[in-house]
Structures are given as C-alpha cells and as structure tokens.
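**Q** model this:
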Amino acid sequence: MIRTILALGAGLLLIATLPGYAAPLYYDLDLFAHFRMHFLGIAVLLLVLALLLRARIALWLALGAALSSGLGLIPLWQGVASAGDGQKVTVMTANVYAYNDDNAGMRRALAEAGPDILLTVETTLAAFPEDSELAELYPYRVGYRTFRKNLGAVLWSKFPIIKPGPDPADTENPDAVRAIVEIAPGKTLSVLGVHLAHVAVGNQRSEVEELAGLVKDMPAPHIVMGDFNATSWPWGMNRVETVTEARRVKGVISTWHGAYPTPLGSIPEPFGISIDHILVSDGIGAERAERIHIPGSDHAGIRTVLSVP
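**A** Numbers count the residues shown, from 1 in each chain. Here you go, the predicted structure:
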C-alpha cells in the first residue's frame, strides 16, 4: 500500500513538471514552470523514500520528475556574470512593497546600498517624502502618477537624466519608467524599469510583448530591470530576453519571500524564488548580482556593478 501511494505521488509529480514546457503554445501553462525548484526538491525526497522502501516503480517515476524539473532549471546558471572593461556603474532594482510598514528602514537600506541608478517599484508617495534622504542622494528622478494611485515605478539617478521617457497613459501596462541617463560627458545609458503582471492573475504575456516597443526607441547600450513576476527559467523570461535584446545578470536565486493567495488562505513561499532581475544589452559586462535586504518588503533588492563600454 505504501509503495502504491508513493508511486502515485511520484507519477502525479512527474505529470505536474510537464505543462511548463508547453508555455510557447499556451502561455498560462508557464505558471507550472515557476515551481520547478519546488518540484525538484519533492522529487529528490520521493527518490530517497523509494530507495529505502525498494519501490521500483516509484523510483523510476521520481527519477523522471527530478530530471524533468532539474533540466528546466538550466537557465538559472546562464546569463551575464563578467564585469569586463568599461565605466563602472552600480544599478539596483527594489520592490519596496506598497504596504510597507517600515518605510524609514526601507529608505535607509536603499541609501546605504547607494547604487548610481536605482529603480523602485510599488513606490508610494507617502513612503518617499520630498525631504527624505533619497531625495538628497538622487537629485535626478523620473516617476509618473499612475492608475495605481501611487508612483509605481520610479527611476532615481545620481547621473543627469537627459531624456525621460514619454508619459504613459493612465492605464499603461506594464507599469514602466524609461529614461536616458548621461553617465559621463557625451556617454549615455538607456534604462527601462518595469513591473510585470502575474502569470496567473494578470495578462503577463501581452506585457512581455509590449517590452519590445518600450525598448525600440532607446539608444544602445540599454538595461532593463525590475519585478518581472517571473523566475529565471520559464519560457516567459526567455521571451523577455528576446524582445528586449538583453540578457539577465546571474547570481541571485531568491528575491521574493511572500505568500500565495488561495481560496483557503495564504500559503507562504517556503524557499524564496527569483522574480526580480537586471538585464543588460550586448557589450555591457556585469558582476554577479547580490541580494539587498529591504526592511518591510516581501522582496529583496538586487544590485550589481556594470561595466559600460
């Protein structure tokens, strides 16, 4: 009986690992791909139990589930992680959480991280008063009052912003901010900050496709960063890299540690998953990204040092 139950569980797990690979045909199936790391952990546990109980069928099914989920995680180890030569520019993205109950600690953490260019998403007016330390640290800023009743995505820069992006429509999706930053006399870096919808409860696919238009008029080189609500390995994130002509900076595998809403209540994320990313266009080098703790937020910030040729 135990072996039968174990085999049934391993079989169901194997089936659950497969839909994510069909995302190019039906995008909503990409939701399954986001849990490949969880699937892999469960598959390894079932493998151990099957070995101990000598449950041959369960063993093979669990092995199949481990391979199916593990091979899908390969993109996690791919990406840009070589600084190279060029001007050093520190950039950071942080979802500061619109309902943050420690705004002073959050602002202090951002100031201490001190990137040259900072993107905040879920940015509220109340959390960032004009006399805050960040306003003094970052004299150049671009943000829009949006349909979210707050500033949403805001770009903060120590470098002059010579051309902010066009004002978005009141209902523009995705939540985005664009600017051309002068990092040295006559030398620019284009920046696109985004906050994409969820796969399950938003129209993420259309927002991913919209990114192509958002970067079209941005001169090279350019970076794209923000909260993509997508882990490093699904088809959707691969599509983001394609349409933006930029590659993800690797190094961080856990940025979000919130909870999943269900009809039966919230389920906490047990490990933390990587849904915040920094992408760079060809020619830009980058050090491995690092996590920055953001007090009061369910996201960690991501910071890296770029080498702009």
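
**Q** all helices of the stretch 1-150 of the chain, in order?
**A** Assigned by DSSP state H, counting those that start in this stretch, the helices in the stretch 1-150 of the chain fall at 2-17, 30-33, 36-53, 56-71, 103-113, 133-137.

**Q** His195 is nearest to which of the ones you listed?
**A** helix 103-113 (16.5 Å; C-beta to C-beta). Backbone N, C-alpha and C define where each C-beta goes, glycine included.

**Q** now for the closest one, which elements pack on it?
**A** strand 87-95, helix 133-137, strand 301-308 (3 or more C-beta pairs under 8 Å, 6 or more residues apart in numbering; DSSP states H and E).

**Q** could you tell me the least trusted of these?
**A** Mean pLDDT per stretch puts helix 133-137 lowest among these, at a mean of 90.

**Q** what is that one packed up against?
**A** By 3+ C-beta pairs under 8 Å, 6+ apart, helix 133-137 packs against helix 103-113.

**Q** can you say which of the helices and strands packed on helix 103-113 is nearest to Leu59?
**A** strand 301-308 (38.8 Å).

**Q** so what strands line up beside the closest one?
**A** When sheet partners are counted by DSSP bridges, strand 301-308 sits next to strand 87-95 (antiparallel), strand 285-286 (antiparallel), strand 290-292 (antiparallel).

**Q** tell me the angle it makes with helix 103-113.
**A** 30 degrees (axes from the mean of the first three to the mean of the last three C-alpha atoms, to 10 degrees).

**Q** before we move on, the earlier item: in CSV: the helices and strands packed on helix 103-113, plus distance to Ala7 and mean neighbour count.
**A** What follows is those, written out as CSV (distance: least, C-beta to C-beta, whole Å; neighbours: other C-beta atoms under 10 Å):
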stretch, distance to Ala7, mean neighbour count
strand 87-95, 41, 22
helix 133-137, 56, 14
strand 301-308, 41, 23
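
**Q** can you lay out those as a markdown table showing distance to Leu18?
**A** Listed next are the helices and strands packed on helix 103-113 as a markdown table, based on distance: least, C-beta to C-beta, whole Å:
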| stretch | distance to Leu18 |
| --- | --- |
| strand 87-95 | 31 |
| helix 133-137 | 46 |
| strand 301-308 | 30 |
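
**Q** so for Arg107, which of the ones you listed sits nearest?
**A** Nearest of the helices and strands packed on helix 103-113 (C-beta to C-beta): helix 133-137, 5.7 Å.

**Q** give me the contact list for that closest one.
**A** 107-108, 110-111, 114, 128-129, 141, 156, 158 (C-beta atoms under 8 Å, 6 or more residues apart in numbering).

**Q** related to what we said a few turns ago, ranking the helices of the stretch 1-150 of the chain by mean pLDDT, which is last?
**A** helix 133-137 (a mean of 90).

**Q** and the contacts of helix 133-137, which of them are buried?
**A** Buried members of these, scored by 16 or more other C-beta atoms under 10 Å, are 107, 110, 128, 141, 156, 158.

**Q** contacting residues around Thr17?
**A** Thr17 neighbours (C-beta under 8 Å, 6+ apart): 32, 36, 39, 43, 65, 68-69, 72.

**Q** at 7 Å what do you get?
**A** 36, 39, 65, 68-69 (C-beta atoms under 7 Å, 6 or more residues apart in numbering).

**Q** which two in these are spaced the farthest apart?
**A** Arg36 and Ala65 (10.3 Å).

**Q** who has more neighbours, the two?
**A** Ala65 (27 against 24; other C-beta atoms under 10 Å).

**Q** could you measure from that one over to Ile2?
**A** 18 Å (C-beta to C-beta, to the nearest Å).

**Q** next: Leu211.
**A** Leu211 is 49 Å from Ile2, by C-beta to C-beta.

**Q** now swap in Lys88 and tell me
**A** 58 Å.

**Q** same question, Leu13
**A** Taking C-beta to C-beta, one finds Leu13 at 16 Å from Ile2.
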